[in-house]
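**Student:** give me a model of this one.
(5 chains, ligands or ions: 4)
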Amino acid sequence: MTASIGRRSAEWLPALGVLVAMIGLWEGLVKALHVKRFLLPAPDAIWRAFASNQSLLWRAGWWTFQEAFGGFAIGCIAGILLAVVVARFDLLGHALMPYAIAANAVPIVAFAPITNAWFNPLDKSSKMAIAAVLCFFPVFVNVVRGLRSVKPQQLELMRSYAVGELTVFRLVRVPTALPYLFTALRVASVLAMIGAIVGEYYGGSLDSLGANIEQDASLFQFERAWAEIVIACIFGIGFYLAVAAAERFATRWQPRIETSGS
Amino acid sequence: AAPKAKQLDKVTLQLKWVTDTQFGGYYAAQQLGYFKKFGLDVTLRPGGPSITPEQVVASGQAQVGIDWLPSLLAARDTGTGLVNIAQMFSKSGMTELTWKSSGITSVAQMKNKKVGVWCCGNQYELYAALTKYGMDPTKNKGVTIVNQPFDMNLFLQHKVDAAAAMTYNELAQVMETKNPKTGKLYTLKDLNVFPMQNEGTGMLEDGLFTTQDWLNSHRDVAMRLVAASDWGWIYCRDHAVQCAQWVVKAGTALPAGHQVWEQNESNKLIWPNKLGIGVMDPKAFAFTAATSLKYHGIKHAATRKAYDAQIAKAALQYLKNHVKGIDVYGKHFKPIHVTLTAGGK
Amino acid sequence: MSVVEIQGVSKEFKGGTVALQDIDLQIEQGEFVSLIGPSGCGKSTLLRVIGDLIEPSRGAVTVNGKSARQARQDHDYGIVFQDAVLYNWRTVAKNVALPLELAGWSRERRQARVEEMLDLVELRGFADHHPWQLSGGMQQRVSIARALSFDPALLLMDEPFGALDEMTRERMNAELLRIWEASKSTVVFVTHSIAEAVFLSTRIVVMSVRPGRISKVIPVDLAQPRGTATREEPRFFELATEVREALHLGGHVEVPA
Amino acid sequence: MSVVEIQGVSKEFKGGTVALQDIDLQIEQGEFVSLIGPSGCGKSTLLRVIGDLIEPSRGAVTVNGKSARQARQDHDYGIVFQDAVLYNWRTVAKNVALPLELAGWSRERRQARVEEMLDLVELRGFADHHPWQLSGGMQQRVSIARALSFDPALLLMDEPFGALDEMTRERMNAELLRIWEASKSTVVFVTHSIAEAVFLSTRIVVMSVRPGRISKVIPVDLAQPRGTATREEPRFFELATEVREALHLGGHVEVPA
Amino acid sequence: MASVAVERPAERGVGVKRVGSRGVLLLVVLGVLWGVWEGFRAIGIHYGLTRPFTVDATSMPHIHDMFKALFERPNAEGPLLIVTLLEAAAFTAKEAALGFAMGSVGGFAIGALLAHSRMLQRGFLPYVVASQTVPILAIAPMVVIWFTNPNSTFHVTAWVAVAILASYLTFFPVAIATLRGLQATDHRAVELMRSYAANRWTVLWKLRFPTALPYLFSALKISATASIVGAIIGESPTSIAGGLGGAILNFAQFYSFQPQNLWATNIVAAALGIAFFLVVVGAERLVLRHAPENVA
Ligand SMILES: Nc1ncnc2c1ncn2[C@@H]1O[C@H](COP(=O)(O)OP(=O)(O)OP(=O)(O)O)[C@@H](O)[C@H]1O
Ligand SMILES: Nc1ncnc2c1ncn2[C@@H]1O[C@H](COP(=O)(O)OP(=O)(O)OP(=O)(O)O)[C@@H](O)[C@H]1O
Ligand SMILES: [Mg+2]
Ligand SMILES: [Mg+2]
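**Tutor:** Ligands and ions are numbered 1, 2, ... in the order given. You can find the predicted model right below:
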């Protein structure tokens, strides 16, 4: 038990090392090259801004995270549903695919004014809509591929049992698609945060991260803006790690490869 | 005078926003060759929502920028050596709108209402006005401040009771929109307009600035730039329609009708100017600085080092010397009458 | 009524490989028919045609008097593939229980049956392992257990014992015979072991390559029930020799179309 | 100097299965050693330990006097896996050519060799097929061709002929013996066929399960070169019986830890 | 790998008939979508729907108006909207293409590097993820200034800076998918390579890369459209007015009275996205034509 805790924390060591090294390098370079603060503030200044605005920062981060999470949920569910339909009905897939791509190709920045017009820009729904659009596509593409990459032999076995599509879906396609799905969910988790923040840039509540970053950057409060970026990162990574943990749980049957490389 | 190409001084001018008649004077100066005549090779760099002109200028990407004075003060406040060299707009163009139907006929009546305003340094004029009537906008006491996006939908959909609008842009946008009930355009009859200038809380908006370092070594260039720009604005004062057309050509995808309105309204913010175009009014400066300080846009009181009035004054002199009979005061300025059409065409 | 009736079946794959040509074969209730033939002669293909897993290019297959398709839908057969085809995300026990689950057996009945089956294939104790933790032979045994678990009246088996050591294989052979006799089921069995074919079958179908056809059908008249003694009967060796010669006649080098 | 020297090797997998325990084995230059034993006794595992594909939990393996790792890096051996392990995106010819490509052979030499090898495994004409267009036995033959292609001095073969019909298998046996004699190479060969082990080997290592150990080593003193006649010698049957008995003694029911 | 040959799934037909029927299908769906939009709009306006959003002429312009707007002049003397937009699209496409190229190559390199060693992965993967949680809009102005400063030794023109920003959005899906794909290799196939003592490069190139290709293409499809999003976002802080980003900004400001112009711009942007996507799909068909599985 203790050994496994020890191993767990050892897993984090390299990341910690890199973090320390990166911050050190950043601080050093900024100081040595006299990089102006409006180009890149030094970590210590950012830290001070962070420390003195903590409660406000966390509140803004939480607000934005709620938007991101809502959008993530909506977008992923929509992506999965459509992927299922497309994977099942080839014809419908061919018909819907181009429009799904089209929806995705509409740049989020252009989407912001439209969602603002549709929903109230000041509540969370308009940002959720943007995050949802961003999450939808990776999930959709990956799940379609996952559902289709079942080994033909495994399908043959199911065919020999003469079971319905639904059962094949549940017993074979879903487990096969899970790793693909989670790859997409990882991507979507960070996209959701970006989507929410970009949305906030185009008009959002001042309780949100995006609006705060914009305000601070234009008022030359770069240290604070960076502190807000750091908060965005913290929420984003937390979200990502949660998805990764869910993945580990859902695909725990997978062999963890013993050897690697030559 | 024939331009002597190799002697032209290169200057990049960072605008605060996208190509627009809000910057008509500079486009006119470019179009008419005024910059060239004064020995300058000027590049106009459009801005946008994620561009902070102070940042661009401080980093040397552009030599001169245009921004509202409170933003410049905020940049200076954090130790960035920027300095205003000409205050083009001498009046505030900011207004707060309400619907006639709402019955809100004064700023005082905005008490306990939802009031929209833009962020990022643009809010102080309204804050000052609200404070005058006993509200505390920074703490949302007695009024609910709503962070307004850069289009007017919130207001049009009645999701806010009052909304910020620049006379030269958003106000027109509202009046270029059809009232879905009547199918006709909204007019001033549908609206109550509260200009911050009239509330006595107008702050100084568009002005030219540069870094102290660059100014020290390029005083003459800066002066000629201001002079040519002044000349452009003077031209636009008298030829609003022509200026609007140039701006349309310069790449705005927006309709010409709207641009004419905007040019005309911008002119109103400059003219008439008793001190002469571009010259900073110390009183207005003091008010702007004090208001910024009050609402925490800056932490330390701004000093008069924030602007260099000599440049603007020298520019006026230079202009008078080179252009016979030029009127830099616009005492008899008469705005033209612009009729807005659907979609601003 | 024959259990399996194959009439004039041919199969040409896209790309032009003719895997089966003009196959006629009738298999009666209670028979144990082995398919034997050189590698690539179409044994697996024939089995899959019977199971309606691929469609023949020409000809007709009926199973239990209905179309192969209908038979498949009626769960008329169980199949063991040439490789194990296990689902990696299911444990050994759950892989075996799969057809029972699909047939709607209760959890307790399933569990009891799975244990019984794992005993049969000598994998008691590996119930909770995942397929990738098993050796090749063990995986194959799991798939045999799975096919036998629901007592199908027709068993299609594609080299099921190919990955097993001789002893396990002999035990499995004996088990299979016992089950076949007890349940009066019909078995179609692909093998490449002559001895296995002779030992198990009531009839041996020898196939030849270029393209896959039936070159000879050899009835096996060894007494039932068979046991260790059977392998030492002179008739056993005679039959083995007959099969070997039929194979030799069939030729062996295959070429693609 | 022994070609393979295994000292006190044990292998315990994560999860606790002990696949090998205290294996000691020495294989000399020119030997043909077969590993035989019940399914799941650790034959594949032992082969993979020799090839330095997995690391033993305890004990040491040297190959040609160097560490197994070094030997692998020096391309000292070729290996055939229990299942074919072909790369789906490569044609048959390109799968066979893979080790040659890695060894930097020129295109012409490679092509000539691949043709030769495909002839050897009777797959001439399938060069441009993709693995999924082949039958099970054909796939296995491709992997044999691949392992033989670069004439390794040590061959590790895991049930290479398991998926082949008896005739092809006998021909392959003869071919393998011919190659082994001509090239004076050393072969470690996993099989579950007693006859095959006796026919091919100079020494048979019988393994037992629970956990995997060597239960008996049987030297095979049949005369060289061997041929069809060998299978009919009385000594052949004696040896086969000896192996069978050793296997019986070794027990057969395996349990996980 | 199957040890029994398996019949390959039906080939994708390329017959004229198929293409034709596909086109018809596409149009039918288009018609249905159009009907749904207009129907919802009519019902929404008639009953004054306010949920999930207020339906009116601004929030849902007529679809025919959007297309009509393409062939009108936003300015009396200016060119047709579609001409302006196509020029803008061409410009943005240039930035996006370079960004896509840089992002994919970079993403692949990062993915490959991380797949190389667990240590690197543990050390750096969190920061690859973190890089994406940094809101690009927030740092874009700084990035542009870093890369376009004419006084520094390394500087690029503005549109290349946009491409760099676009690559920032594209590299992530590729990096993650590469990592995933490179690790998805069957462990027996890896063992075979190990038996040849193949060096890391060889294993990467001959084994892991082909296995990763399907994953990679899934990601490239996502990146193809993401690169356009990135380019559009990047145009604003670089002061590039000639691209789609500039057009969007212009029309977004005036959405309340000219909604169809923004929608028309979005249609063009979407068309550009589809074009990029199709290029990737074409490449995928070409490269993966020997794979036995279905190609999504
Ligand atoms: N999907 C396919 N596409 C093309 N050819 C195929 C396909 N499946 C099988 N074949 C060809 O059909 C022939 C018969 O294959 P089949 O798998 O039935 O052989 P088999 O008798 O089972 O051989 P083995 O004993 O080696 O398993 C072979 O030549 C093979 O190459
Ligand atoms: N990756 C693994 N994880 C856990 N256990 C394993 C793993 N690989 C093999 N084993 C176990 O090790 C034992 C030996 O396996 P191995 O594959 O060596 O058997 P084998 O002798 O080759 O059997 P067969 O003849 O059936 O191929 C088995 O009990 C198996 O379950
Ligand atoms: Mg077969
Ligand atoms: Mg094995």
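
**Student:** centre of the chain versus stretch E:108-119, how much separation?
**Tutor:** When distances are taken as Cα atoms, centre = their mean, to the nearest Å, stretch E:108-119 is centred 23 Å away from the chain's centroid.

**Student:** what about it, near chain D?
**Tutor:** No: Stretch E:108-119 lies out of reach of chain D by Cβ under 8 Å from any Cβ of the partner chain, never closer than 16.0 Å. (C-beta placed from N, C-alpha, C; glycine too.)

**Student:** close to chain A, is that stretch?
**Tutor:** Yes: with Cβ under 8 Å from any Cβ as the criterion, chain A is reached by stretch E:108-119 at E:His116, E:Ser117, E:Arg118, E:Met119.

**Student:** what do you get for stretch B:333-345?
**Tutor:** No: applying Cβ under 8 Å from any Cβ, one finds stretch B:333-345 out of contact with chain A, separated by at least 15.9 Å.

**Student:** for that stretch, C-alpha coordinates in PDB please.
**Tutor:** Extracted C-alpha coordinates of stretch B:333-345, given in PDB (Å, rounded to 0.1, in the frame of the first residue of the first chain):
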ATOM      1  CA  PHE B 333     -17.900  73.900 -38.000                       C
ATOM      2  CA  LYS B 334     -21.300  72.600 -39.000                       C
ATOM      3  CA  PRO B 335     -22.000  69.000 -39.000                       C
ATOM      4  CA  ILE B 336     -23.700  67.700 -42.100                       C
ATOM      5  CA  HIS B 337     -27.100  65.900 -41.900                       C
ATOM      6  CA  VAL B 338     -26.900  62.200 -42.400                       C
ATOM      7  CA  THR B 339     -29.900  60.000 -42.900                       C
ATOM      8  CA  LEU B 340     -29.400  56.500 -41.800                       C
ATOM      9  CA  THR B 341     -30.800  53.600 -43.900                       C
ATOM     10  CA  ALA B 342     -31.500  50.000 -43.200                       C
ATOM     11  CA  GLY B 343     -28.300  48.100 -42.800                       C
ATOM     12  CA  GLY B 344     -26.300  51.400 -43.200                       C
ATOM     13  CA  LYS B 345     -26.100  51.400 -46.900                       C
END
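
**Student:** now do that stretch, average pLDDT.
**Tutor:** Across stretch B:333-345, the average pLDDT comes to 76.

**Student:** so, low pLDDT: which residues of the chain?
**Tutor:** Because you didn't say which chain, this covers chain A. A:1-9, A:254-262 (pLDDT under 70).

**Student:** oops, chain B please
**Tutor:** Short version for chain B, where the test is pLDDT under 70: B:1-6, B:251-254, B:343-345.

**Student:** tell me who's in contact with B:Gly103.
**Tutor:** Contacts for B:Gly103 (Cβ atoms under 8 Å, 6 or more residues apart in numbering or on different chains) come out as B:Gln109.

**Student:** mind checking how far it is from B:Lys113?
**Tutor:** Distance from B:Gly103 to B:Lys113, counting by Cβ to Cβ, to the nearest Å: 11 Å.

**Student:** check A:Leu155 too.
**Tutor:** For A:Leu155 relative to B:Lys113 (Cβ to Cβ), the value is 64 Å.

**Student:** which element is the closest residue to ligand 2 within chain C on?
**Tutor:** Closest residue of chain C to ligand 2, Cβ to the nearest ligand atom: C:Gly137 (2.5 Å). Element membership for C:Gly137, per DSSP states H and E: helix C:136-148.

**Student:** pLDDT on that helix, on average?
**Tutor:** Mean per-residue pLDDT for helix C:136-148: 88.

**Student:** check whether it contacts ligand 1.
**Tutor:** No: Helix C:136-148 lies apart from ligand 1 when judged by Cβ under 6 Å from any ligand atom; the minimum separation is 13.9 Å.

**Student:** same for that helix, what does it pack against?
**Tutor:** Judged by 3 or more Cβ pairs under 8 Å, 6 or more residues apart in numbering or on different chains; DSSP states H and E, the packing partners of helix C:136-148 are strand C:77-80, helix C:92-102, helix C:107-120, strand C:154-158, helix C:166-183.

**Student:** and the ones you listed, which one averages the lowest pLDDT?
**Tutor:** It's helix C:166-183: among the helices and strands packed on helix C:136-148, that one has the lowest mean pLDDT, namely a mean of 84.

**Student:** ok so, going back, tell me the angle the helix holding C:Gly137 makes with strand C:154-158.
**Tutor:** Angle of helix C:136-148 versus strand C:154-158, following axes from the mean of the first three to the mean of the last three Cα atoms, to 10 degrees, is 160 degrees.

**Student:** mind saving the C-alpha coords of helix C:136-148 as CSV?
**Tutor:** Extracted in CSV, the C-alpha atoms of helix C:136-148 (Å, rounded to 0.1, in the frame of the first residue of the first chain):
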residue,chain,number,x,y,z
GLY,C,136,-1.8,-19.8,-27.1
GLY,C,137,-3.2,-23.2,-26.2
MET,C,138,-5.1,-21.9,-23.2
GLN,C,139,-6.8,-19.3,-25.4
GLN,C,140,-7.9,-21.9,-27.8
ARG,C,141,-9.4,-23.9,-25.0
VAL,C,142,-11.4,-21.0,-23.8
SER,C,143,-12.9,-20.7,-27.2
ILE,C,144,-13.7,-24.4,-27.2
ALA,C,145,-15.4,-24.0,-23.9
ARG,C,146,-17.4,-21.1,-25.2
ALA,C,147,-18.6,-23.1,-28.3
LEU,C,148,-19.6,-26.1,-26.2
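
**Student:** as CSV, the residues of stretch E:108-119 next to chain A with pLDDT, neighbour count and secondary structure would be great.
**Tutor:** Listed next are these as CSV, based on pLDDT from 0 to 100; neighbours: other Cβ atoms under 10 Å in any protein chain shown; DSSP: H, G, I helix; E, B strand; the rest coil:
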residue, pLDDT, neighbour count, secondary structure
E:His116, 80, 17, helix
E:Ser117, 80, 15, coil
E:Arg118, 79, 14, helix
E:Met119, 81, 12, helix
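
**Student:** out of those, the closest to ligand 2 would be?
**Tutor:** Proximity of the residues of stretch E:108-119 next to chain A to ligand 2 (Cβ to the nearest ligand atom) peaks at E:Arg118, which lies at 18.3 Å.

**Student:** distance of C:Leu123 from ligand 3?
**Tutor:** 24 Å (Cβ to the ion, to the nearest Å).

**Student:** any idea which residue of the chain is furthest from its center?
**Tutor:** Since no chain was named, I'll use chain A. In chain A, the residue that sits farthest from the middle, by Cα atoms, centre = their mean, is A:Ser160; the gap is 40.2 Å.

**Student:** that's the wrong chain, I wanted chain E
**Tutor:** E:Ser195 (40.1 Å).

**Student:** thought it was touching D:Asp74?
**Tutor:** No: contact criterion Cβ atoms under 8 Å: E:Ser195 and D:Asp74 do not qualify, at 12.0 Å.

**Student:** still on that earlier bit, so what's the residue farthest from the centre of chain A up against?
**Tutor:** C:Gly51, C:Leu53, C:Arg72, C:Tyr77, C:Gly78, C:Ile79.

**Student:** bridged to the residue nearest to the fourth one when sequence neighbours are not counted, which residues?
**Tutor:** When the adjacent residues along the chain are set aside, C:Tyr77 lies closest to C:Leu154, with 4.0 Å between them (Cβ to Cβ, 6 or more residues apart in numbering or on different chains). Here C:Leu154 shows beta-bridge partners C:Tyr77, C:Thr186, assigned using DSSP bridges.
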